[in-house]
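*Asks:* Just need the structure, nothing else, for what follows:
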Amino acid sequence: MERSGKKRTFDDTLFVVVLILVGVGLVLLYSTSAYNGRVKFHDSLYYLKKQGFAALIGITGMLVIARIDYHKWVPFAIPGYITAILLSIAVMLFGDEYNGSKRWLSLGPFSFQPSEFAKVAVILFLACLVSWNVKRMGRFRMLILTLLTVLPIVALVGASNLSTAVIILGIAVVLIFAASPKYSPFIWMGGAGVAFLGIFLALESYRLERIAIWRNPEKYEKGYQTLQGLYAIGSGGLFGRGLGNSVQKLGFLPEAQNDMIFSIICEELGLVGASLIILLFLILIWRFFVIATKAKDLLGALIAAGAMAHMMIQVILNIAVVTNTIPNTGITLPFISYGGTSIVFLLLEMGLVLSVSNLIE
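*Replies:* Next comes the predicted model:
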């Protein structure tokens with residue numbers, strides 16, 4: 001990081017780790033998806049080309065945003081959050097359904113997931129809202145009111161995508177916690193959250209079915225994906241079968257390039273390779289923490305903290321799902337799982353954090 005009097009630059013370590021994750025992700029995605037691409041689209045490069053194009057757009061956007069003072073995005077915080085709500089409503093009304101989930105909006109030849117935009121919008125919106133009201137964040141009433149502002153987007157996203165709703169709610173709690181001088185209210189909020197989650201799960205029978213499948217995947221047809229993922233992890237051993245040599249991706253593990261890609265990583269690269277991927281994420285999270293603690297102001301600190309919460313929660317949930325530690329919730333591994341919308345908005349979010357680091361003295 002350059003000192004005052006010289007040209008400032010963004011956090012080099014964060015930037016390099018992001019590029020490494022994107023590059024490694026493309027390699028792993030090709031290894032995982034080549035068979036499916038050849039069978040479904042007669043093109044083994046099908047998924048790689050789409051993901052590579054999205055990554056190129058995302059990296060370009062990241063570099064542009066990294067050079068813009070993050071304070072200039074403050075006027076867009078509320079409109080951006082309102083847009084996220086409207087897009088989530090549009091998904092419920094006009095969304096496209098894929099694999100039983102209505103999460104996509106189509107605009108001509110392009111389709112995207114508004115929930116990915118919602119994560120970034122919530123980080124910016126709450127960072128601004130909390131920084132505007134920081135002197136009142138010690139009051140329990142203010143904590144509740146702040147949390148209530150994100151419940152509409154949590155409910156709308158949660159109607160079709162529970163895992164993303166959990167991530168958004170987790171981001172909100174972390175940001176409010178970071179700005180609050182008191183800890184005791186969060187005990188009550190945690191209890192209320194658990195009760196709400198229990199009621200939410202009980203409202204739809206398929207959510208309770210997921211818990212039953214999680215407990216005994218071998219007894220249910222829908223537990224097939226989970227079992228195949230566990231077979232992949234177990235067969236990888238310490239060093240794996242070798243890159244490109246997975247057996248489970250050859251039609252045994254459905255949609256391996258999406259939510260379950262970590263199991264193929266374990267099969268091909270073993271425990272050692274999977275540990276290196278986790279290490280990259282840990283370095284990324286560490287840089288978020290460093291940027292948050294050294295940020296020029298509270299707004300910048302909260303933006304970095306929000307990105308840190310996002311990355312921690314999503315990585316932990318994905319690995320927990322793949323290892324059957326929690327019920328299958330359909331959540332992707334950042335930068336590595338297939339998904340154009342996901343990687344574009346992840347990289348734009350990284351650009352926002354880099355812009356915060358750009359102003360650190």
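*Asks:* For residue 338, give me its contacts.
*Replies:* With contacts taken as C-beta atoms under 8 Å, 6 or more residues apart in numbering, residue 338 has the following neighbours: 29, 33, 47, 50-51, 257-258, 261, 332. No exception for glycine: its C-beta is placed from N, CA and C like everyone else's.
*Asks:* could you say what helices and strands the longest strand along the chain packs with?
*Replies:* The strand that spans the most residues within the chain, counting by DSSP state E, is strand 101-107. The criterion is 3 or more C-beta pairs under 8 Å, 6 or more residues apart in numbering; DSSP states H and E, and the helices and strands that strand 101-107 contacts are helix 77-94, strand 96-98, strand 110-112.
*Asks:* hey, which of those is tucked in deepest?
*Replies:* Taking mean count of other C-beta atoms under 10 Å as the contact definition, the stretch among these with the greatest mean neighbour count is helix 77-94, which reaches a mean of 16.
*Asks:* Need the mean per-residue confidence for that helix.
*Replies:* Helix 77-94 shows an average pLDDT of 90 in the prediction.
*Asks:* Touching it from outside, list them.
*Replies:* In this structure, residues lying in contact with helix 77-94 by C-beta under 8 Å, 6+ apart are 102-105, 114-115, 117-118, 120-122, 124-125, 127-129, 152-153, 156-157, 159-160.
*Asks:* Stretch 313-329 now?
*Replies:* Outside stretch 313-329, the residues that reach it (C-beta under 8 Å, 6+ apart) are 162-163, 166-167, 170-171, 210-211, 213-214, 217, 225-226, 229-230, 233, 259-260, 262-263, 278, 281, 330-334, 337.
*Asks:* Where does pLDDT dip in the stretch 1-150 of the chain?
*Replies:* Along the stretch 1-150 of the chain, the model assigns pLDDT under 70 to residues 1-8, 98-101, 108-109.
*Asks:* Could you pull out the helices in it for me?
*Replies:* For the stretch 1-150 of the chain, the helices defined by DSSP state H, counting those that start in this stretch occupy 12-41, 46-66, 77-94, 114-132, 140-148.
*Asks:* Next, the angle helix 114-132 makes with the last one.
*Replies:* Here helix 140-148 runs at an angle of 160 degrees relative to helix 114-132 (axes from the mean of the first three to the mean of the last three C-alpha atoms, to 10 degrees).
*Asks:* What of the third one?
*Replies:* In terms of direction (the same axes, to 10 degrees), helix 77-94 departs from helix 114-132 by 150 degrees.
*Asks:* How far off centre is helix 77-94?
*Replies:* The gap between the average C-alpha position of helix 77-94 and the chain average comes to 18 Å, counting by C-alpha atoms, centre = their mean, to the nearest Å.
*Asks:* what's the single longest helix in the chain?
*Replies:* When the chain is scanned for its longest helix (criterion: DSSP state H), the result is helix 261-294.
*Asks:* Now it: buried residues?
*Replies:* Neighbour-count burial for helix 261-294 flags 261-270, 273-274, 277, 280-281, 283-285, 287-288, 290-292, 294 (criterion: 16 or more other C-beta atoms under 10 Å).
*Asks:* buried ones in whichever helix or strand comes after it?
*Replies:* Reading on from helix 261-294 to the C-terminus, the next helix or strand found by DSSP states H and E is helix 298-322. By neighbour count on 16+ other C-beta under 10 Å, the buried set for helix 298-322 is 298-315, 317-319, 321-322.
*Asks:* Can you name the element that comes right after helix 298-322?
*Replies:* On the C-terminal side of helix 298-322, the closest following helix or strand by DSSP H and E is helix 340-357.
*Asks:* Quick one: distance of that next one to the chain centre.
*Replies:* What separates the centre of helix 340-357 from the centre of its chain is 11 Å, taken as C-alpha atoms, centre = their mean.
*Asks:* for stretch 225-237, same thing?
*Replies:* In terms of C-alpha atoms, centre = their mean, the gap separating the centre of stretch 225-237 from the centre of its chain is 23 Å.
*Asks:* ditto for stretch 83-99
*Replies:* On the basis of C-alpha atoms, centre = their mean, stretch 83-99 is displaced by 18 Å from the centre of the chain it belongs to.
*Asks:* now stretch 269-283
*Replies:* For stretch 269-283, the distance to the chain centre is 17 Å (C-alpha atoms, centre = their mean).
*Asks:* hmm, back to that, could you redo the contacts of residue 338 as CSV and give each row distance to residue 76?
*Replies:* Shown next, in CSV, are the contacts of residue 338 (distance: C-beta to C-beta, whole Å):
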residue, distance to residue 76
29, 32
33, 35
47, 32
50, 28
51, 28
257, 33
258, 31
261, 33
332, 26
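*Asks:* Derive a PyMOL selection command for the buried subset of these.
*Replies:* Under the burial definition 16+ other C-beta under 10 Å, those of the contacts of residue 338 that qualify are selected in PyMOL by:
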select buried, resi 29+33+47+50+51+257+258+261+332
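*Asks:* Right, I'll leave it there.
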